[in-house]
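S.K.: The following comprises the amino acid sequence and a computationally predicted model.
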Amino acid sequence: MKIVVIGGTGLIGSKVVAALGEQGHEAVAAAPSTGVNTLTGEGLAEVLRGASVVVDVSNSPSFEDSAVLDFFRTSTGNVLRAEADARVRHHVALSVVGTDRLQESGYFRAKKAQEDLIRESGAPYSLVHATQFFEFAKGLADGVTEGDTVRLPDAMIQPLVSDDVAAAVVRAAVAAPVDGVVEVGGPEAFRLEEFIRTALDAARDPRKVVTDPEARYWGAELREDTLLPGPDATLGKVRFADWLARQR
């Protein structure tokens, strides 16, 4: 099949393109650097010609509330319209476990808006909901650092390596549309404080990590299980400690 990967040059997208190519598919990376701009529509009609599946793993360059909402609404709308014109048979999008439970956050409101557009488009679709990536632990810490202290909500998290996220997206892309959500998470659950402290310690980052009952997660209040996948989730195989050991 010809499978177009929106955001195909990024962390997840490049892995998806490579894996699909290894399976014998014609995997095409679509990004501004390859001449495709989903915000303006430039290059969309051309790249989607003859495509059977579109995979969208793109992300907003800004997480500011209005900017991220505009990105996902505009980009997703343009892609869906171009797909309809090209008669693409399956739309796959990467999203986040707990999106519907994190609506105090501007970022997750934007992700829900993206999902709603996909659901309402009438196109066959699959939404892949992933938990937080190992690779984003430092970025998460940076977003909640005050001085030399990282303040985190008291909640659980079940992170996974980006390779396992990409594998889940690939499985969805080559399978039939589910017209719903499939979840993927890591093999182990941690307290959020433990996950971040372990990552920073491994990087010899001296910041102090604490649990703060007033802390938010990208602007949203968390319950114990907000970030955890459901019982039917597919779990990755790479453990956090093993991944950290490979980073040294």
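M.R.: Arrived safely. Numbering: from 1, shown residues only.
S.K.: For the rest of this, base every contact and every neighbour count on C-alpha atoms.
M.R.: Will do.
S.K.: Tell me if F136 really is in a helix.
M.R.: Yes. According to DSSP: H, G, I helix; E, B strand; the rest coil, F136 belongs to a helix.
S.K.: Any idea how many residues pack against it?
M.R.: When neighbours are defined as other C-alpha atoms under 10 Å, F136 has 15 of them.
S.K.: Likewise for L48?
M.R.: So L48, with other C-alpha under 10 Å, has 25 neighbours.
S.K.: repeat for E188
M.R.: By the criterion of other C-alpha under 10 Å, E188 has 15 neighbours.
S.K.: just checking, it touches Q158?
M.R.: Yes. Counting by C-alpha atoms under 8 Å, Q158 is a contact partner of E188 at 5.8 Å.
S.K.: Quick one, grab the pLDDT at V79.
M.R.: We have a pLDDT of 98 for V79.
S.K.: Any idea how many residues pack against it?
M.R.: For V79, using other C-alpha under 10 Å, the count is 23.
S.K.: Could you check which helix or strand contains F195?
M.R.: helix 192-202 (DSSP states H and E).
S.K.: For that helix, which helices and strands make contact with it?
M.R.: When contacts are defined as 3 or more C-alpha pairs under 8 Å, 6 or more residues apart in numbering; DSSP states H and E, helix 192-202 sits against helix 137-143, strand 156-157, strand 208-211.
S.K.: which of those is buried the deepest?
M.R.: The highest average neighbour count among the helices and strands packed on helix 192-202, using mean count of other C-alpha atoms under 10 Å, belongs to strand 156-157 at a mean of 22.
S.K.: Show me which positions of stretch 160-171 end up buried.
M.R.: Judged by neighbour count (16 or more other C-alpha atoms under 10 Å), stretch 160-171 contains these buried residues: L160, V161, S162, D163, D164, V165, A166, A167, A168, V169, V170.
S.K.: Touching that stretch from outside, list them.
M.R.: Identification of contacts with stretch 160-171 by C-alpha atoms under 8 Å, 6 or more residues apart in numbering yields 11-13, 15-16, 19-20, 55, 92, 94, 128, 130-135, 184-187, 236-240, 243.
S.K.: Are any of these buried, and if so which?
M.R.: Buried by 16+ other C-alpha under 10 Å: 12-13, 15-16, 19-20, 55, 92, 94, 128, 130-135, 184-187, 236, 238, 240, out of the contacts of stretch 160-171.
S.K.: hang on, the earlier thing: the helices and strands packed on helix 192-202 into a markdown table, with extra columns for mean pLDDT and distance to T198?
M.R.: Below are those laid out as a markdown table (pLDDT from 0 to 100; distance: least, C-alpha to C-alpha, whole Å):
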| stretch | mean pLDDT | distance to T198 |
| --- | --- | --- |
| helix 137-143 | 94 | 9 |
| strand 156-157 | 97 | 13 |
| strand 208-211 | 96 | 10 |
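S.K.: In contact with P229, which residues?
M.R.: Listed by C-alpha under 8 Å, 6+ apart, the contact set of P229 reads V97, G98, T131, Q158, E183, V184, G185.
S.K.: longest single helix anywhere in the chain?
M.R.: helix 65-86 (DSSP state H).
S.K.: Could I get the CA-only coordinates of the very next helix or strand once past it as CSV?
M.R.: Toward the C-terminus, helix 65-86 is succeeded by strand 90-96 as the next helix or strand (DSSP H and E). The C-alpha trace of strand 90-96 is given here as CSV (Å, rounded to 0.1, in the frame of the first residue of the first chain):
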residue,chain,number,x,y,z
HIS,A,90,-8.2,4.8,6.4
HIS,A,91,-7.1,7.7,8.6
VAL,A,92,-4.8,6.8,11.6
ALA,A,93,-4.0,9.4,14.2
LEU,A,94,-1.7,9.3,17.2
SER,A,95,-3.2,10.8,20.4
VAL,A,96,-2.8,10.4,24.1
